[in-house]
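> Here's a sequence, model it:
(one chain, ligands or ions: 1)
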Amino acid sequence: MTAYHQMSRQELEKEKSLLDAAYAAFQAKNLKLNMARGKPSVEQSDLSNGMFNCLSSTDYFSEDGVDCRNYGTLDGIPEMKRIFADLLHLSPDEIIVGGNSSLAMMFDNVSSNMSHGVRDGIPWSKQGEVKFLCPSPGYDRHFGICEYFHIQMIPVAMTETGPDMDEVERLVSSDPMIKGIWCVPKYSNPDGIVYSDETVLRMANLKPAASDFRIYWDDAYAIHYLYDKPATILNILRECEKAGNPNMPLIFSSFSKISFAGAGVACIAASRSNIEFIKQRMAMQTIGHDKLNQLRHARFFKDAQGVLDHMAKHAAILRPKFEAVEEALERELAPLQLAHWQNPKGGYFISVYVPEGCAKRVVQLCKEAGVVLTGAGATYPYGNDPHDSNIRVAPSYPSVEELRTAAELFCLCVKLAAAEKILS
Ligand code: PLP
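Below is the predicted model of the structure:
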């Protein structure tokens, strides 16, 4: 295949009329497919249906004899804390089990730091214009939290080993109004990048100008592998302890993509001293989270190994879906050098970089032919992808057959947008 930029105008015009015809044929199919949000499929949710039968009208006590129907146990039942601790390689007293959403716990943490300060320090909102570092592309809802609180977002480039640490170190050490950084250390959203040891070590050894700087370590995809076994990375809490920064990281995780996305269990993990502060605040919000759901999870999964075994079943469902999209990209776009992407080993997304200035057009073309994608730009602070290039593809929900069709259309739209751009 001749790359478009090597074609004469006449050749490219001919190619474009073929693409137009193929696109019209797709439109005639009246497709209705969605590769926008990283939602588990019905089949994946079905894997946890056993949880509906885990408890009974006589079985509702946690292992320490607490009646899970009643108030209390602010930081979670012991068996659920142990499961999180084992999965995250931490100790149970470094964990608080929350409600169903880790995003809610992140929002809440930022909110209370804005209004009341970190560990009773000066509220962030009273110190001036608060800033966060936002490795980009990143998770749109992290950026949404910043926007909501009028926190200025500073994009930092992502590399194949994690955020550009030269830039992170330079910024964090020079500006006391930089109060946080969003990190998705394993199978990052959207690039699927796993932080290298060097990245974790440099993160742990940061010397922030702000004494109330926090690393928001969102381990949403800690064990969400597609091949063989989960990647292992250095333990941020332990590395921060060694570096004399024990209170710097706040770790978040959840069962949203392990059990049920709408009814999982989330946690925050941190130093014991941070946990005490967080618990004091949490005590003003709730007398305790949903312990019956925690107990259901503990009964169903039994222990961390049970969770890991369960993740192999998710991987078996997800792998062919990722591969269906990757095969189409490789076949249709690689020879034309029209896009690049990582073939992620875990997580929920394939992050595709189309020719500069084409992402919005590709998303529009796909939409007009019945395939909804994440809005172009959504993976950048303020929805602003400076290169208009990144598109986050979420292959988890549609069937493999549907994905083959959707991926074929996606590739066609990339070609069309690229041809239009060169000819314009
Ligand atoms: N963090 C990341 C990086 C995510 O991609 C997602 C969901 O897509 C979440 C958090 C949401 O987590 P939860 O369902 O626990 O609120």
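> Tell me how this structure divides into domains.
4-44+308-423, 61-302 (automatic domain parsing).
> of all these, which lies closest to the ligand?
domain 61-302 (3.1 Å; CB to the nearest ligand atom). Quick note: C-beta positions are derived from backbone N, CA and C, even for glycine.
> A strand includes T73, no?
No - per DSSP: H, G, I helix; E, B strand; the rest coil, T73 lies outside any strand segment and is coil.
> Give me the neighbour count for it.
21 (other CB atoms under 10 Å).
> where does it fall, phi/psi-wise?
Torsion angles at T73 (phi, psi; degrees, to the nearest 10) stand at phi 60, psi 60.
> Isn't it up against S62?
Yes - the pair T73 / S62 is scored as a contact, 7.4 Å apart, by CB atoms under 8 Å.
> and for these two, which residues touch both?
Common contacts of T73 and S62 (CB atoms under 8 Å, 6 or more residues apart in numbering): K291.
> Which strands or helices does the helix or strand of the chain with the lowest mean pLDDT pack on?
Every helix and strand of the chain was ranked by mean pLDDT, DSSP states H and E. The lowest is strand 33-35, at a mean of 93. Strand 33-35 sits against strand 371-373, helix 400-423, with contacts defined as 3 or more CB pairs under 8 Å, 6 or more residues apart in numbering; DSSP states H and E.
> Quick check: which element contains the residue lying closest to D120 once chain neighbours are set aside?
Among residues not flanking D120 along the chain, F277 sits closest, at 7.4 Å (CB to CB, 6 or more residues apart in numbering). Assigning secondary structure by DSSP states H and E places F277 in helix 272-285.
> As PDB, could you dump the C-alpha coordinates of that helix?
What follows is helix 272-285, C-alpha atoms only, in PDB (Å, rounded to 0.1, in the frame of the first residue of the first chain):
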ATOM      1  CA  ARG A 272      -1.600   4.800  59.000                       C
ATOM      2  CA  SER A 273      -1.300   8.400  60.000                       C
ATOM      3  CA  ASN A 274      -3.200   9.600  56.900                       C
ATOM      4  CA  ILE A 275      -5.800   6.900  57.500                       C
ATOM      5  CA  GLU A 276      -6.500   8.300  61.000                       C
ATOM      6  CA  PHE A 277      -7.100  11.800  59.500                       C
ATOM      7  CA  ILE A 278      -9.300  10.400  56.800                       C
ATOM      8  CA  LYS A 279     -11.300   8.400  59.200                       C
ATOM      9  CA  GLN A 280     -12.000  11.400  61.400                       C
ATOM     10  CA  ARG A 281     -13.500  13.300  58.400                       C
ATOM     11  CA  MET A 282     -15.400  10.300  57.200                       C
ATOM     12  CA  ALA A 283     -17.000   9.900  60.600                       C
ATOM     13  CA  MET A 284     -18.700  13.200  59.900                       C
ATOM     14  CA  GLN A 285     -20.100  11.900  56.600                       C
END
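> 270 is where my numbering starts, stick with that
Okay, residue one is now 270; in that scheme the one you just asked about reads as helix 541-554.
> Of all the residues in it, which ones are buried?
Neighbour counts over helix 541-554 (16 or more other CB atoms under 10 Å) mark 543-544, 546-547, 551 as buried.
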